[in-house]
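Q: Predicted model follows, preceded by the sequence.
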Amino acid sequence: MIRQLAILCSFLSLTLAVSAQGNLTKGLAAEEKGLYDLAESYYRKAVDTSAQARLHLGMLLEKQEHFSEAAQWLVKADSSALAMTHLAVCQAECRDWEAAKRSAEKAIEQAAEGDKAQKASAMATLALAYCVDGELTNAITWAHQAQEQDSKSVRALNVAGIIQFYRGNDEEATKTFRKAVQADPKNIDAYFNLGSMYCYRNMPNLAITTLKKGLKEEQNSIKLLYCLGWAYLLKGESQNAIESLQRVITKDSTYVDAYNRLGDIYFERGEYNQALAQYRKAIKLAPKQSEAYKLMGRTYAEMEEYGKAISQYQKAVELNKKDAETYCHIAELYAKKKQPKREQANYKRAAKLGHAGAQKWCTQRGIAF
């Protein structure tokens, strides 16, 4: 009886494996033809028994900019260099920087000697993670190595541009992003990076023009639609902003930044409870990202609920202890609550992190930092 059961289990396992391989093959053929929905359905039929199906499903979802779910499948795929390279990209898109670093390091370590493109991509992701973390020396080193590994890597170009932007060199950043567009006119990241840079510098008209060019190449790009919504928000065109951001959420209900920008629209309108509702959605999706906590703090401060505002700001700095600006916001609120010792303690923290305003505040009062 036991032997019969063992034979039956072996037969069932073999049958499942054959079925999974068939669905994987069909999925690959559909994806090659651009039939992404069909490819996804085949991959999903095979994921229970096929690591390759999980890998290809993850990469397909990444291609469609569903980065959060893509990361979940890539984690379950295997520990190959290919899986780790794509996982690092998705984790970076989800701002899970420490995880992105670890995955990129594994990808670099495991990449085959001749696979320059794959290694360059992982190096670029590692550079990006260091850049966002404020470690520009490491970022520049890895960005150079990525470009040396593969001079044609568009991802390496994009990351090099981001580093230039972080260094305050907008002109070089713009040139680098435009090189990326020239190298690959369908590269969404280059349009997104240019658009984001213009938004950060409060140049919404340039951002809108750039993003619309990108959307001509890929009309369903979630990233470009999000950034377009942000640009419309900056321009004061709230209805256009809402329409763009709602399109993002329709395509991907887990896109955290879309909820933050929707919250900003309601904040600008003075509809504070609606703004808080959007920020809470962002926090539910990404409890380890600090931005929504900061935005909730700002909203409560505007509502003159200073205790709640401080609580939210403190959650933000727990997640990002290098955020000097938020320590200043906390200090300002303690000043309003007439708690000078706590006000001073937070200005000192900001001053130690290099915040010029906080340093001036401490110096004027003879407070060492």
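A: Looks like it arrived, so ask away.

Q: going forward, measure contacts between C-alpha atoms and count neighbours the same way
A: Noted.

Q: quick check: domain ranges of the protein?
A: According to automatic domain parsing, the chain is divided into the following domains: 95-184, 187-289, 301-369.

Q: CSV for those domains, including distance to residue 44?
A: As requested, these are exported to CSV (distance: least, Cα to Cα, whole Å):
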stretch, distance to residue 44
domain 95-184, 24
domain 187-289, 18
domain 301-369, 35
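
Q: Kindly present the ones you listed as JSON lines, with separate columns for mean pLDDT.
A: Shown next, in JSON lines, are these (pLDDT from 0 to 100):
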{"stretch": "domain 95-184", "mean pLDDT": "94"}
{"stretch": "domain 187-289", "mean pLDDT": "96"}
{"stretch": "domain 301-369", "mean pLDDT": "96"}
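
Q: got the ones you listed as TSV, with distance to residue 52 and mean neighbour count columns?
A: Output for the domains of the chain, formatted as TSV (distance: least, Cα to Cα, whole Å; neighbours: other Cα atoms under 10 Å):
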stretch	distance to residue 52	mean neighbour count
domain 95-184	17	21
domain 187-289	24	20
domain 301-369	35	18
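
Q: of all the ones you listed, which lies closest to residue 79?
A: domain 95-184 (8.3 Å; Cα to Cα).

Q: can you give me the end-to-end distance of the closest one?
A: Taking Cα to Cα, to the nearest Å, the span from the opening residue of domain 95-184 to its closing residue is 25 Å.

Q: so which of the domains of the chain comes closest to residue 41?
A: Closest of those to residue 41 is domain 187-289, at 17.1 Å (criterion: Cα to Cα).

Q: chain center to the closest one, what's the gap?
A: Distance of domain 187-289 from the chain centroid (Cα atoms, centre = their mean, to the nearest Å) equals 13 Å.

Q: Select, out of the domains of the chain, the one closest to residue 63.
A: Evaluated over the domains of the chain, closeness to residue 63 peaks at domain 187-289, with 9.7 Å, by Cα to Cα.

Q: For the closest one, measure first residue to last.
A: The first and final residues of domain 187-289 sit 27 Å from each other (Cα to Cα).

Q: still on that earlier bit, nearest to residue 64, of the domains of the chain?
A: domain 187-289 (7.6 Å).

Q: List the residues that contact the residue nearest to residue 70 when sequence neighbours are not counted.
A: Nearest residue to residue 70 in three dimensions, chain neighbours excluded: residue 58, at 4.2 Å (Cα to Cα, 6 or more residues apart in numbering). Contact partners of residue 58, counting by Cα atoms under 8 Å, 6 or more residues apart in numbering, are 69-74.

Q: before we move on, what about residue 333?
A: For residue 333, the residues meeting the contact criterion (Cα under 8 Å, 6+ apart) are 301, 306, 310, 343.

Q: So which of those belong to helices?
A: Taking DSSP state H, the ones among the contacts of residue 333 that sit in helices are 301, 306, 310, 343.

Q: can you redo those as CSV with distance to residue 229?
A: As requested, those are arranged in CSV below (distance: Cα to Cα, whole Å):
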residue, distance to residue 229
301, 25
306, 30
310, 29
343, 36
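
Q: Pick the one among those residues closest to residue 94.
A: residue 310 (26.0 Å).

Q: so who does that closest one touch?
A: By Cα under 8 Å, 6+ apart, the contact set of residue 310 is 297, 330, 333.

Q: Any idea how many residues pack against the first one?
A: Look at residue 297: counted by other Cα atoms under 10 Å, it has 28 neighbours.

Q: That one sits in which helix or strand?
A: helix 291-302 (DSSP states H and E).

Q: Who are the packing partners of that helix?
A: In terms of contact count using 3 or more Cα pairs under 8 Å, 6 or more residues apart in numbering; DSSP states H and E, helix 291-302 is assigned the packing partners helix 256-268, helix 272-285, helix 306-319.

Q: Would you mind telling me which of those is nearest residue 356?
A: If you check each of the helices and strands packed on helix 291-302 against residue 356 by Cα to Cα, helix 306-319 wins as the nearest, at 18.2 Å.

Q: After that closest one, heading C-terminal, what element do we hit next?
A: Following helix 306-319 in sequence order, the next helix or strand is helix 324-336 (DSSP H and E).

Q: need the contact list for residue 354.
A: Residue 354 makes contact with residue 324, according to Cα under 8 Å, 6+ apart.

Q: That one in helix, strand or coil?
A: For residue 354, the reduced secondary structure class is coil; criterion used: DSSP: H, G, I helix; E, B strand; the rest coil.

Q: Distance-wise, check it relative to residue 81.
A: For residue 354, the distance to residue 81 (Cα to Cα) stands at 39 Å.

Q: follow-up on the earlier one: please identify which of the ones in helices among the contacts of residue 333 is nearest to residue 185.
A: Nearest member of these to residue 185, counting by Cα to Cα, is residue 301, at 44.1 Å.

Q: The nearest residue to the closest one once chain neighbours are set aside: what's it in contact with?
A: Beyond its immediate neighbours in the sequence, the residue positioned closest to residue 301 (Cα to Cα, 6+ apart) is residue 309, lying 5.3 Å away. Listed by Cα under 8 Å, 6+ apart, the contact set of residue 309 reads 296-301.
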